[in-house]
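In: What would the 3D arrangement of this be:
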Amino acid sequence: MATTIPVNGEQLSSVPPATSAIDWDAVGFKVHKVNGHAHVTWTDGKWGKVEFQTDDFLHIHGFASCLNYGQVALIAC
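Out: The predicted model follows:
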């Protein structure tokens with residue numbers, strides 16, 4: 001039986017009960033080495049040139065709006 005979770009006084013989401021039927025060691029949540037990633041910069045309202053970077057780390061500024069819920073909420077409004 002699913003459990004309904006109240007959020008701000010409303011019943012918004014349904015969560016299934018916990019199960020032991022999943023083999024969590026086989027799911028694949030491990031870090032995998034990659035060759036790199038595509039990097040594109042958004043400047044002055046448009047995307048720049050796509051570049052392939054061989055670094056397997058994504059470098060994100062600590063004040064990036066995607067990391068700060070309050071900023072994202074203001075942008076989305």
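In: now the helices: where do they sit in the chain?
Out: Per DSSP state H, the chain carries helices over the ranges 69-76.
In: pull the helix or strand with minimum mean pLDDT from it.
Out: Of all helical and strand segments in the chain, the minimum by mean pLDDT, DSSP states H and E falls on strand 3-7, at a mean of 56.
In: didn't His37 look like it was pressed against His59?
Out: No. Applying C-beta atoms under 8 Å, one finds His37 not in contact with His59, separated by 10.5 Å. Heads up, the C-betas are built off the backbone N, CA and C, glycines and all.
In: So for the two, which sits in the more crowded spot?
Out: Remark: of His37 and His59, His37 carries more neighbours, 13 against 7, as counted by other C-beta atoms under 10 Å.
In: Show me the beta-bridge partners of the more buried one.
Out: Gln53 (DSSP bridges).
In: Which pLDDT value does the model give it?
Out: On the pLDDT scale, His37 is placed at 87.
In: tell me the contacts of it?
Out: Listed by C-beta atoms under 8 Å, 6 or more residues apart in numbering, the contact set of His37 reads Phe52, Gln53, Asp55, Asp56, Leu58.
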